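S.K.: The amino acid sequence is not available; the structure is as follows:
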């Protein structure tokens, strides 16, 4: 069970690979700035939707091939 989880997390396109960690760090930073009021809400929503869409699209195309 643990081995399957580890294999999933570090597999090709997994959430703990470079792209996944970069995306999580980027969104985490924007969440912090949004909560503290450093970034307006409309900018946060637009940015998160754009980056999330690009990330999901890249994952979809990777899984499709």
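M.R.: On my side now, so go ahead. A quick note: this is a predicted structure, and the numbers were derived from the prediction, not measured. Numbers count the residues shown, from 1 in each chain.
S.K.: give me the low-pLDDT residue ranges for the protein?
M.R.: Applying pLDDT under 70 to the chain flags the ranges 13-15, 63-65.
S.K.: Apply 80 and report the result again.
M.R.: For the chain, residues meeting the criterion pLDDT under 80 lie at 5-23, 27, 41, 44, 48, 51-52, 55-56, 58-65.
S.K.: Would you mark the buried spots in the longest helix along it?
M.R.: When every helix of the chain is counted residue by residue (DSSP state H), the longest turns out to be helix 41-64. For helix 41-64, the buried set under the neighbour-count rule, 16 or more other C-beta atoms under 10 Å, comprises 44, 55. Every residue, glycine included, has its C-beta placed from N, CA and C.
S.K.: The residue most central in space within the chain sits in which helix or strand?
M.R.: For the chain, the residue whose C-alpha lies nearest the mean C-alpha position (C-alpha atoms, centre = their mean) is residue 23; its distance is 3.4 Å. According to DSSP states H and E, residue 23 maps onto helix 18-36.
S.K.: Measure how far that helix is from the centre of its chain, please.
M.R.: For helix 18-36, the separation from the chain centroid amounts to 8 Å (computed by C-alpha atoms, centre = their mean, to the nearest Å).
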